[in-house]
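Student: I need the structure of the sequence given here:
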Amino acid sequence: MLTTVLFDMGGTLEDIWYNKETQQEAARKLLEILRDHGLDPGCPQEVFWEKLFSGVKAYKQWSEGNMLEKKPEEIWPDWYLRDFAFDREQLLPITEELANTYEVTFYHRELRPDAREMLQALKARGYRLGVISNNASLYNVFNMLEAYGIRSFMEDVTVSSVTGYRKPHPEIFRISLRQMQARPEECVYVGDTVSRDIIGPKQVGFAKAVQIRSFLSEQKDVGLSRDVFQPDTVVRDLRDLVTWLDEINPRLAPHP
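Tutor: From the prediction side, this is the model:
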């Protein structure tokens with residue numbers, strides 16, 4: 001029987017997108033933090049962003065290619081800010097602040113409509129709930145769950161920057177299962193990308209994997225072979241997830 005539902009964060013519980021304006025805001029905020037701590041790149045904001053984003057792309061290529069995640073104190077000096085001659089010891093104390101700021105300014109984030117009601121409905125049916133998220137900040141996922149008022153629904157929150165593994169690496173799912181004390185055949189995973197959120201849990205033996213599409217879905221799944229694992233269902237909104245689970249798992253569905 002299905003007993004546990006685990007969720008991706010950005011693009012799934014959260015609606016998430018970015019554009020030129022959010023990128024400019026990220027550059028402005030990051031520069032502000034650096035300068036407040038005596039670290040001035042000595043170049044205009046546009047040049048600063050161009051150099052920083054070159055480091056971001058290099059790190060993403062390494063990280064996604066290896067399905068591994070470093071911690072902010074490694075990511076920012078060694079990758080994102082590698083083209084600047086910042087003093088490492090001066091930079092290290094603010095790397096998490098930089099990481100969290102990047103996550104909440106580069107991306108526009110807001111809780112998906114009906115997310116709270118969906119979580120309440122699943123909790124009322126007796127499902128155990130948790131989060132497995134790729135995020136290069138140690139605390140951003142926890143901060144956002146608190147800000148949205150849904151942290152209390154989650155028995156466990158597993159984040160790539162804490163574990164060192166990125167979805168779809170099997171180990172991040174196994175870590176979550178150990179922390180939840182759940183068996184994969186009892187679990188459903190819900191996410192917005194096939195490449196991370198369907199392939200990953202299916203490889204570990206999750207009973208079901210559900211996709212809800214987001215702004216990021218197509219770009220993250222670009223070039224993906226059609227021969228890979230496919231979602232058991234694709235839902236248009238989070239209310240549909242409750243309906244689908246009631247149909248396939250009637251033992252936890254409310255009685256008429």
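Student: Output the below-cut-off pLDDT ranges for the chain.
Tutor: 226 (pLDDT under 70).
Student: Do a quick rundown of the strands in it.
Tutor: For the chain, strands defined by DSSP state E occupy the ranges 4-7, 14-17, 108-111, 128-133, 156-159, 187-191, 208-211, 233-234.
Student: Now tell me what touches the fourth one from outside.
Tutor: It refers to strand 128-133. Residues outside strand 128-133 that contact it (C-beta atoms under 8 Å, 6 or more residues apart in numbering): 3-10, 13, 119, 122-123, 141, 145, 153-160, 167, 172-173, 176, 179-180, 182, 189. No exception for glycine: its C-beta is placed from N, CA and C like everyone else's.
Student: Among the residues you listed, which lie within helices?
Tutor: Mapping the contacts of strand 128-133 onto helices (DSSP state H) picks out Leu119, Leu122, Lys123, Val141, Leu145, Ser160, Ile172, Phe173, Ser176, Gln179, Met180.
Student: Out of those, flag the one nearest to Lys60.
Tutor: Lys60 has its nearest neighbour among these in Ser160, at 12.3 Å by C-beta to C-beta.
Student: Number of residues surrounding that closest one?
Tutor: 23 (other C-beta atoms under 10 Å).
Student: Equivalent analysis for the one 4 residues further on, please.
Tutor: Using other C-beta under 10 Å, Gly164 has 14 other residues around it.
Student: Do a quick rundown of the helices in this protein.
Tutor: 20-36, 45-66, 72-75, 88-91, 95-106, 115-124, 140-148, 160-163, 170-180, 194-197, 199-204, 217-220, 238-248.
Student: related to what we said a few turns ago, filter the contacts of strand 128-133 down to the buried ones.
Tutor: Applying 16 or more other C-beta atoms under 10 Å to the contacts of strand 128-133, the neighbour count classes 3-10, 13, 119, 122, 141, 145, 153-160, 167, 172-173, 176, 180, 182, 189 as buried.
Student: can you list the ones in helices among the contacts of strand 128-133 in CSV and add distance to Tyr18?
Tutor: Listed next are the ones in helices among the contacts of strand 128-133 as CSV, based on distance: C-beta to C-beta, whole Å:
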residue, distance to Tyr18
Leu119, 25
Leu122, 29
Lys123, 31
Val141, 17
Leu145, 20
Ser160, 19
Ile172, 24
Phe173, 27
Ser176, 27
Gln179, 30
Met180, 31
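Student: Widest-spaced pair of the residues you listed?
Tutor: Longest span within the ones in helices among the contacts of strand 128-133, C-beta to C-beta: Lys123 and Ser160, 25.3 Å.
Student: Quick check: the closest residue to Pro113 other than its chain neighbours vs Met118, distance?
Tutor: With C-beta to C-beta, 6 or more residues apart in numbering as the criterion, Pro113 has its nearest non-adjacent residue at 6.9 Å, and that residue is Asp237. To Met118, Asp237 is 9 Å away according to C-beta to C-beta, to the nearest Å.
Student: and these two? which has more neighbours close in?
Tutor: Met118 (26 against 12).
Student: right, and the more buried one touches Trp244 too?
Tutor: No: in this structure Met118 lies outside contact range of Trp244 using C-beta atoms under 8 Å: 11.3 Å.
Student: Endpoints of stretch 242-256, how far apart?
Tutor: 15 Å (C-alpha to C-alpha, to the nearest Å).
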